[in-house]
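Novice: what's the 3D shape of this:
(one chain, ligands or ions: 2)
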Amino acid sequence: MSGHQAKPLVILGATGSIGTQALEVATRLGVPVAAIAARRGSDRLAEIGAAHPDCLVGVAAPTREEEQRFTAQFGERARFGQEALVELAAQDGCVVVNGVVGFAGLPATLSALDAGNRLALANKESLVAAGPIVLEALSRGTGALIPVDSEHSALFQCLVGEPPAAVRKLMLTASGGPFFGLGSEELATVTPQQALNHPTWSMGPRITVDSATLVNKGLEVIEAHYLFGIPFDDIEVVVHPQSVVHSLVEFVDGSLKAHLGEPDMRIPIQYAISFPDRWPGTDEPFTLAGRDLTFRTPDRSAFPALDLAYEAGRRGGSAPAAFNAADEVAVRAFLEGRLGFQGIPLILERTLAATGWDKISTVADVLEADREARAIAGGLVGGAC
Ligand code: NAD
Ligand code: MG
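Specialist: Numbers count the residues shown, from 1 in each chain. Ligands and ions are numbered 1, 2, ... in the order given. Prediction:
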């Protein structure tokens, strides 16, 4: 459907799960794509660049061959290096979909906000690691931050039109991941292949493993704290294996509002672009009859990463950045077969114990916290852990 007053899209992480779905939304809506970027100069990125003849094409970490190839194919449209993402996120009058995975998404988040653009944020790591700095960039400029993460899109939608003082509690739903119901002993022997097999969502590898450990939900608790200004004591996690209720808000009068829908990221991506309007989607109508929706409390002893995230969030300062960095290191080690599944929360716990509390005032502070935690976590993975 075309004819919407949509601004052109900048899609960062265009070859990933979020990026691919953002491109589908753009095509469906007839929204122009002003720029795309990914880490590597893959065939897929080149294909997307060719399909959108006016868009800039950024490659954050190209090989020499990729640089030559993209220069030959895209000429003036090609950009290289991490700073390319900063430039693309600052394109005038765009909506920036940040679908980069990991801490690497931070400069683009800040750049989009500083340029006064609307930021459709999937890259939760930038908000988790640098919450106060992102919020400052948001309040300083004319940009806007609309969450894409399904739980936060759900909360955002439940909160539209509600006075902040009316909110009692946020309830984030968690699918529980592929290992819901398993105990610590069974978890000790699970493989990367099993962890990558998510029951309800199809996503990139890191977030899929994070869903299995509940790290993802922990990151989302911190994300919700910064986005909505709600204390950690008033943010609850509930396991809901069907992934149909995407999150809920409880209000002071005892009312609850929930957001429901199929587990399909194109819905929150589109809402982040269309807000405050709603545009038609092409998805099948939702049928409630015949569905069993169940809710459970998370198993905090089998999945200790959830409470570690709360701890990092409550400590604040550099702790959330350290938590995220340690997890990036641990997940990579797990996927490469260098660390067991239950080694992931162990790395998180020990990294948090080994890092000091530092105030985060500048981007340099966050970079330092990230670097330090990566070094500690890397040492722990390489050691006896
Ligand atoms: P993915 O692994 O499928 O894709 C990641 C993308 O980021 C790729 O295009 C990759 O090239 C790019 N990238 C990686 N490192 C980069 C770098 N240094 N510079 C530039 N680009 C880089 O990941 P995904 O599942 O799409 O997740 C992306 C983000 O969205 C994550 O923060 C994730 O937590 C969040 N998220 C994803 C989903 C989902 O359904 N996939 C849902 C909610 C939130
Ligand atoms: Mg989510």
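
Novice: pull the number of nearby residues for the residue in the chain that ligand 2 sits nearest to.
Specialist: Using CB to the ion, the single residue of the chain nearest to ligand 2 is residue 149, 4.2 Å away. For every residue, glycine as well, the C-beta is placed using N, CA and C. By other CB atoms under 10 Å, 28 other residues sit near residue 149.

Novice: gap between the nearest residue to it once chain neighbours are set aside and ligand 1?
Specialist: Closest residue to residue 149 in three dimensions, ignoring its sequence neighbours and counting by CB to CB, 6 or more residues apart in numbering: residue 124, at 5.6 Å. From residue 124 across to ligand 1, the span is 5 Å (CB to the nearest ligand atom, to the nearest Å).

Novice: in which helix or strand does the residue at the greatest distance from the centre of the chain reside?
Specialist: Going by CA atoms, centre = their mean, the residue of the chain most distant from its centre is residue 72, 33.1 Å out. Per DSSP states H and E: residue 72 is located in helix 64-74.

Novice: how close does the residue of the chain found nearest ligand 1 get to residue 52?
Specialist: In the chain, the residue that lies nearest ligand 1 is residue 16 (1.9 Å; CB to the nearest ligand atom). Counting by CB to CB, to the nearest Å, the separation of residue 16 from residue 52 is 17 Å.

Novice: identify the residues contacting the residue of the chain closest to ligand 1.
Specialist: 38, 99-101, 204 (CB atoms under 8 Å, 6 or more residues apart in numbering).

Novice: which residues does residue 146 contact?
Specialist: Per CB under 8 Å, 6+ apart, neighbours of residue 146: 118-121, 153, 156, 271-272, 275.

Novice: give the helix, strand or coil label for it.
Specialist: Taking DSSP: H, G, I helix; E, B strand; the rest coil as the rule, one finds residue 146 in the strand state.

Novice: check residue 35 too.
Specialist: What three-state DSSP gives for residue 35 is strand.

Novice: look at it and say how many residues are nearby.
Specialist: 28.

Novice: near ligand 2, which residues of the stretch 151-300 of the chain show up?
Specialist: Within the stretch 151-300 of the chain, the positions adjacent to ligand 2 are residue 151 by CB under 5 Å from the ion.

Novice: what sits up against the helix holding residue 72?
Specialist: 40-41, 46, 49-50, 57, 59, 62, 78, 80.

Novice: next, give phi and psi for residue 251.
Specialist: Per-residue torsions, residue 251: phi -110, psi 170 (degrees, to the nearest 10).

Novice: so what's the residue lying closest to it once chain neighbours are set aside up against?
Specialist: Nearest residue to residue 251 in three dimensions, chain neighbours excluded: residue 166, at 5.0 Å (CB to CB, 6+ apart). Applying CB under 8 Å, 6+ apart, we find residue 166 in contact with 251-253.

Novice: most surrounded residue in the residues you listed?
Specialist: Highest count within the contacts of residue 166 by other CB under 10 Å belongs to residue 251, 17 neighbours.

Novice: output the below-cut-off pLDDT ranges for the stretch 151-300 of the chain.
Specialist: Along the stretch 151-300 of the chain, segments meeting pLDDT under 70 span 282-283.

Novice: hey, where'd the strands end up in it?
Specialist: 167-174, 235-239, 245-251, 256-260 (DSSP state E, counting those that start in this stretch).

Novice: how about the residues of the stretch 151-300 of the chain that lie near ligand 1?
Specialist: 201, 203-204, 207, 265 (CB under 6 Å from any ligand atom).

Novice: nearest to residue 293, of these?
Specialist: Taking CB to CB as the measure, residue 201 is the one of these closest to residue 293, at 16.4 Å.

Novice: still on that earlier bit, what comes into contact with the next helix or strand after the helix holding residue 72?
Specialist: With elements assigned by DSSP H and E, the helix or strand that comes after helix 64-74 is strand 78-80. Contact partners of strand 78-80, identified using CB under 8 Å, 6+ apart, comprise 37, 56-60, 62, 67, 70-71, 87-88.

Novice: of these, buried ones?
Specialist: 37, 56-60, 62, 70-71, 87-88 (16 or more other CB atoms under 10 Å).

Novice: would JSON lines of the residues you listed with pLDDT, secondary structure and distance to ligand 1 be doable?
Specialist: Below are the buried ones among the contacts of strand 78-80 laid out as JSON lines (pLDDT from 0 to 100; DSSP: H, G, I helix; E, B strand; the rest coil; distance: CB to the nearest ligand atom, whole Å):
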{"residue": "37", "pLDDT": "98", "secondary structure": "strand", "distance to ligand 1": "6"}
{"residue": "56", "pLDDT": "98", "secondary structure": "strand", "distance to ligand 1": "14"}
{"residue": "57", "pLDDT": "98", "secondary structure": "strand", "distance to ligand 1": "12"}
{"residue": "58", "pLDDT": "98", "secondary structure": "strand", "distance to ligand 1": "8"}
{"residue": "59", "pLDDT": "98", "secondary structure": "strand", "distance to ligand 1": "8"}
{"residue": "60", "pLDDT": "98", "secondary structure": "coil", "distance to ligand 1": "3"}
{"residue": "62", "pLDDT": "98", "secondary structure": "coil", "distance to ligand 1": "11"}
{"residue": "70", "pLDDT": "98", "secondary structure": "helix", "distance to ligand 1": "14"}
{"residue": "71", "pLDDT": "98", "secondary structure": "helix", "distance to ligand 1": "18"}
{"residue": "87", "pLDDT": "98", "secondary structure": "helix", "distance to ligand 1": "12"}
{"residue": "88", "pLDDT": "98", "secondary structure": "helix", "distance to ligand 1": "10"}
